[in-house]
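Colleague: Pasting the sequence and the predicted coordinates here, then a few questions.
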Amino acid sequence: MPASPIPVAPGAIPVLGHALRLRDNPLEFFESLRALGDVVLIKLGPQRAYVLNSAELVRELLVAKSRHFDKGTQIDSARDLLGYGLISSEGEMHRQHRLLMQPAFRRDRIAEYAQVMREQIVEHTADWHTGRVIDVRVEMTTLTLSVAAKTLISSELGNDLVAEMLHSMPRIFDLLYQRMTTPLPVSNKLPLKRNREYAARLARLHPMIDKVVADYRSSDDRKPDLLGMLLEARDAETGSMLSDRELHDQITAILMAGSETTAAALSWVFHLLPDHPEVEARLHAEADRVLDGRPAEYADVRQLTYTAQVINEALRCYPPGWVATRRATEDVDLKDLHVPAGATVIFSAYVVQRDPRLFSDPEKFDPDRWSPERVGEIHRDAIVQFGGGPRKCIGDVFAVVEATLALATIAAQWRLRVAPGVQMAKVAGSTLSPRDLMMTVEQRQPARQPTSIS
């Protein structure tokens with residue numbers, strides 16, 4: 001047991017505990033807990049939860065003691081949407097599915113997907129012009145969802161599904177976060193208006209996913225895409241293949257996770273650049289030097305080093321996966337903290353990655369933290385935006401490559417400026433993302449590189 005009692009966060013109210021603070025201003029609430037200690041108790045309705053503010057404890061949770069935890073109530077409340085895909089499966093099912101899917105995320109496969117990324121980036125920015133005002137969050141979501149869909153389903157079979165997800169996904173995620181954060185989980189089963197809307201949207205989405213699976217199975221024109229790989233994948237130990245239900249859940253997981261988080265990350269970059277003109281100038285200079293006016297491709301990624309630094313720093317400052325929960329499946333100790341079976345543990349990547357014990361001037365957006373000269377200063381436990389251990393995001397390299405290609409290609413031709421009178425809002429929901437990020441497009445003339453004379 002700890003040497004001293006675990007502090008309880010102030011401001012709890014009867015019955016609801018800290019639920020209203022968590023709902024109304026979650027980032028401020030979690031940041032306020034850091035000053036209370038490395039472990040703080042909060043109350044969510046009748047339940048108590050341990051909040052970890054120490055990167056060392058978070059690593060213990062995700063890596064060393066991961067087998068003693070499942071994802072808990074956060075995933076339970078999303079089961080109707082995610083089923084048992086890679087995001088939400090547990091235990092042996094998760095291990096088997098990850099082994100089946102791992103080959104699809106090897107670097108040689110990502111190099112192939114990068115061609116799809118390049119094509120979609122060009123297509124989705126083709127109608128941009130100087131003076132156009134865009135909602136950056138919507139534009140990036142449209143782009144990343146199209147990339148996820150085209151790498152998953154390269155034929156036209158998924159077009160209707162993508163259109164439906166573009167229409168429904170923002171609202172589904174809003175409703176999902178309400179379900180995840182309710183202090184009384186039983187309310188998710190009541191005939192409330194939000195529950196009826198959520199059920200209606202899922203009732204429209206799920207049959208469309210089933211149709212994609214059925215149409216793909218019956219198609220004579222199988223493509224070398226991710227869904228084709230999943231259809232042919234066999235368990236190395238049993239020889240079994242994924243069922244239609246399992247394919248359904250994996251498609252949902254890939255489309256949801258493979259678009260929402262990358263879109264949020266890119267949106268934060270474009271939010272940050274106007275306030276950091278020196279960073280923007282270096283980003284543009286690198287794009288001009290490496291690309292010389294053409295769209296980025298996979299072979300360019302190694303040279304787009306400053307672009308990668310910008311993305312890494314945006315992910316540190318504004319991690320899309322900003323909060324995560326775990327539930328102890330048995331009594332377990334995290335360092336000096338004893339966690340009883342059934343207890344919930346929470347950590348916020350947003351808080352950990354802004355810890356002044358780990359980063360100098362942590363509130364500053366400083367891509368040079370990731371330069372070759374300084375990256376060694378970053379503690380191995382300090383960055384948790386992709387999770388860690390056996391549940392680390394399987395698509396982390398895919399996401400970073402996609403973001404790098406998109407940012408470099410856009411930076412080579414465009415500059416985005418905040419539209420007058422716009423008030424952007426930080427929305428900490430299912431993901432951390434900017435809302436109402438309206439920006440004006442300005443075409444820029446890339447600085448042409450001198451032609452060598454032999």
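Modeller: Happy to help now that I have it. Numbering: from 1, shown residues only.
Colleague: Doesn't Asn229 lie inside a strand?
Modeller: Careful, residue 229 is Met and not Asn. No - assigned with DSSP: H, G, I helix; E, B strand; the rest coil, Met229 falls outside any strand and is helix.
Colleague: That one - nearest residue in space that isn't next to it in sequence?
Modeller: Leaving out its chain neighbours, the residue that sits closest to Met229 by Cβ to Cβ, 6 or more residues apart in numbering is Ala104, at 4.9 Å. Heads up, the C-betas are built off the backbone N, CA and C, glycines and all.
Colleague: got it, and Ala406?
Modeller: Ile121 (5.1 Å).
Colleague: pLDDT score assigned to the residue nearest to Met229?
Modeller: You'll see Ala104 listed with a pLDDT of 86.
Colleague: what's the distance between it and Thr144?
Modeller: Distance, Ala104 to Thr144, using Cβ to Cβ, to the nearest Å: 17 Å.
Colleague: who's more crowded, these two?
Modeller: Thr144 (28 against 23; other Cβ atoms under 10 Å).
Colleague: ok, the more buried one - contacts?
Modeller: The contact partners of Thr144, by Cβ atoms under 8 Å, 6 or more residues apart in numbering, come to 258-260, 262-263, 266, 402.
Colleague: Arg282 reaches Tyr306, doesn't it?
Modeller: Yes - contact criterion Cβ atoms under 8 Å: Arg282 and Tyr306 qualify, at 5.6 Å.
Colleague: Which one of these two is surrounded by more residues?
Modeller: Shown here are Arg282 and Tyr306; by other Cβ under 10 Å, Tyr306 has more neighbours (21 against 17).
Colleague: Look at that one and give its secondary structure.
Modeller: Tyr306 ends up helix, using three-state DSSP.
Colleague: pLDDT at the closest residue to it other than its chain neighbours, what is it?
Modeller: Excluding its sequence neighbours, the residue lying closest to Tyr306 (Cβ to Cβ, 6+ apart) is Glu286, at 4.7 Å. Note for Glu286: predicted pLDDT of 98.
Colleague: do Val351 as well
Modeller: 97.
Colleague: does it sit in a helix or strand, and which one?
Modeller: Under the criterion of DSSP states H and E, Val351 resides in helix 349-352.
Colleague: in this protein, which helix or strand is least confident?
Modeller: In the chain, no helix or strand scores lower on mean pLDDT, DSSP states H and E than helix 73-76, which sits at a mean of 80.
Colleague: For the next helix-or-strand element following that helix, which outside residues touch it?
Modeller: Downstream of helix 73-76, the next assigned helix or strand under DSSP H and E is helix 79-82. The contact list for helix 79-82 (Cβ under 8 Å, 6+ apart) reads 75, 88, 172, 176, 198-199, 202, 249, 252-253, 256.
Colleague: taking these one by one, which sit in helices?
Modeller: Counting by DSSP state H, the members of the contacts of helix 79-82 that fall within helices are 75, 172, 176, 198-199, 202, 249, 252-253, 256.
Colleague: What subset of these is buried?
Modeller: Buried residues within the ones in helices among the contacts of helix 79-82, counting neighbours by 16 or more other Cβ atoms under 10 Å: 75, 172, 176, 198, 202, 249, 252-253, 256.
Colleague: So which of those residues is the closest to Leu62?
Modeller: Ile75 (15.0 Å; Cβ to Cβ).
Colleague: what ranges do the helices span in the stretch 151-300 of the chain?
Modeller: For the stretch 151-300 of the chain, applying DSSP state H, counting those that start in this stretch gives helices covering 159-181, 193-218, 226-232, 244-272, 277-291.
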